[in-house]
Structure formats: C-alpha cells, structure tokens
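# Okay, predicted coordinates and the sequence, questions at the end:
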Amino acid sequence: MAKPGSGGVRTGWSLTPGSQEDLQALARMLRRARGVFALAFARCDAVELRGLLVKALEGMLLPEGLTIHAVELTARTRDLPGVLAAQEGGGDRCLYMGWREPCRP
Amino acid sequence: MPSIAPEWAQAQLNEGRGLYQDLGRPLVFWLPEDALRRVARGAPDFWAWRSGVYEFALQPVASGRIDSGGGAMILGDFVVEGDYVGGDKHTGVDQHGQEIQGPQTNVAGDVHGPVLSGKFQGRVEVGNGEQAAARHEREVASLRRQLTEARENLDLIRDRKAQYVMEVDIPLQLTKRERRLEQQIANLEARLAASRKCDW
C-alpha cells in the first residue's frame, strides 16, 4: 500500500467485490422502481469512476428499455426540482445527479 | 469540491421533497462522501426516504493484473487523479447519516482504508454479477425459511400457553422459549430488512 501523498501512478485497481454487488443491487432497485418515485444515494469519490459506473448501469438497463439521464449538479444549481421536471422522457427514464467538479482536487 | 451548504440541502431537498416525489421516476444522487454527509445532515427528512445507499470503492489488485478473470464483464479503464480511500480505515456516513470514523466496514460491507494521493489506473469490471445475485437470493430465501419456521414455533407455543387457565400455571420453560423465539424473529426480520437494501 502506497504512503499518503506519495504521488505517482498506481496501476492495478478495480472495484471491490462489495462495490460490484452494490452495482448489481442498484440496477435491481432501478428496475423495480420503473415508473415510480424511488430515492437512492450512491457514494463514489471519483468523478471518472462514477462515469464508468453509470455507463455500466446503462449497459445493464438499456436492453430492458430503461434509460439513465444524467443531471449534473453544481454549486450554482438553485432549482433542482425544476431542472429535473424539465427532463424529457417518462417513467422509463431514471435520473441520476452528480457533481461535475472533481470532488477531491 | 463545490460547496453544498446545509442550507442548500435544506431548501432544495428537505423542504421541496414533495416535488421530487411528483417526478414519478427513480432518482439516484451520486455524490462524494462529503456531499453525502451534508445531505444526510442538512436534509434529514429527504434522506429518510432513501431506499438504499450504494457505495463504490476501489481495491488494489495483484501487480500487473488489471485484466478481467472469471468471465467478468469489463466496463472500461480509468485513471483517477487525487485522493482515494482504500484499505482498512473508513470515514463516512452510515445508513442513518451518522458519521463513521476509524477502522470499520461501511454500509456495503466493504472495508476501506487510508487516504492515498496520486494517480490510480485500473479497470472497472463487474465480477460475476450472476453469482453475486444468486448468493444474495439464497441468503434471503434462507432467512425467510428461518423466519417462517420461527413464527410457526411461536404459534405452537402460544397455542400451548392458551390451554392454561391460570397464567401462573404456565411452565417457566414455555415462557422462556416464547421470549427466545420473539427475539429470534426480531433478529431475522431486521436481517431481512437490511437485505432489502440490496434486494429492493
């Protein structure tokens, strides 16, 4: 394990088994919540990784006609319900919100 | 990271939570740990509506092995720059929005570790998801079987107790077994409820 702050490029990282199970669980939740309100939170400290995970979810759900629509939050977002309500698509569309900015600069 | 002040969460999420419900769609707030903690504290009523908190973390794999194995689906490669948590120490929020500090597992059962700084290159893959789902289904089925059996036993004990006219005549052993079963049922129900976080 590298020391904190030592820099450099560390290769050979992958999702933990628990994260992989959570990805499957999140996909199951989104399938079952099709067309109804459901609220979930996901934690990921890296924007780049989050993007790949969302793509993975899309890959799992698109064959079933479920799409994921991304809504980026910023510090300037003032009317989130209005922004979400303006999104096109019906109940077959899930919405996910995430920060655009890197979270740990 | 952008500042997400508690008052922002209060106004946008807590007070306007009915507006989100009206959307009739599943919503996933995919946030870094700090922001998640602020939402939990700043919008407790909104936070209480969650069906689950899903956590995604990285782990180092054997040097040079970032290729997939065991039929896992490769999703893509990534390079993450900044700090990352990995190992055996975790600071975050639990399912109740309470701060977790020090070495322990998070809500997903992962073990997290020290904050590392630098660039991380790896590969996201879904390891055998079917196996994980099947294991989860087996666990839930087992819990349900145990719960059914415990409830049946409790019904039998209560039938037996009902045959006594005077409460003081009920054997102490019967009362003890009833209490044990009630406790067992409560535990099983709690475990089943926790499993719904993944099952929902």
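Looks like it arrived, so ask away.
# Can you confirm whether stretch A:23-39 lies near chain B?
Yes - counting by Cβ under 8 Å from any Cβ of the partner chain, chain B is contacted by stretch A:23-39 at A:23-26, A:28-30, A:32-39. Every C-beta, even on glycine, is put in place using the N, C-alpha and C of the backbone.
# Whichever of those residues end up buried, select them in PyMOL.
To isolate the buried subset of the residues of stretch A:23-39 next to chain B in PyMOL, counting by 16 or more other Cβ atoms under 10 Å in any protein chain shown, use the following:
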select buried, chain A and resi 23+24+25+26+28+29+30+33+34+38+39
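# Now go through the residues of stretch A:23-39 next to chain B and say which are in strands.
A:38, A:39 (DSSP state E).
# Tell me the one of the residues of stretch A:23-39 next to chain B nearest residue B:187?
residue A:25 (22.0 Å; Cβ to Cβ).
# I'd assumed residue B:55 was in contact with the closest one.
No - contact criterion Cβ atoms under 8 Å: residue A:25 and residue B:55 do not qualify, at 10.5 Å.
# which SSE is the nearest residue to residue B:47 once chain neighbours are set aside in?
Closest residue in space to residue B:47, ignoring its immediate chain neighbours: residue B:40 at 4.8 Å, by Cβ to Cβ, 6 or more residues apart in numbering or on different chains. Residue B:40 belongs to helix B:33-42 when assigned by DSSP states H and E.
# Packing partners of that helix?
Packed against helix B:33-42 by the contact rule (3 or more Cβ pairs under 8 Å, 6 or more residues apart in numbering or on different chains; DSSP states H and E) you find strand A:38-43, helix B:6-9, strand B:26-31, helix B:44-47, strand B:92-93.
# any weak-confidence spans in the chain?
In the absence of a named chain, chain A is used. Residues of chain A meeting the criterion pLDDT under 70: A:1-13, A:75, A:88-105.
# right idea, wrong chain: chain B
Looking along chain B with the criterion set at pLDDT under 70, you get B:1-10, B:60-136, B:194-200.
# quick one, longest helix in it?
If each helix of chain B is counted by residues according to DSSP state H, the longest one is helix B:129-162.
# Quick check: next helix or strand after that helix?
helix B:172-199.
# Could you quantify the relative orientation of that next one and helix B:129-162 as an angle?
Interaxial angle, helix B:172-199 versus helix B:129-162 (axes from the mean of the first three to the mean of the last three Cα atoms, to 10 degrees): 160 degrees.
# what's helix B:172-199 packed up against?
Judged by 3+ Cβ pairs under 8 Å, 6+ apart, helix B:172-199 is in contact with helix A:17-32, strand B:52-55, helix B:129-162.
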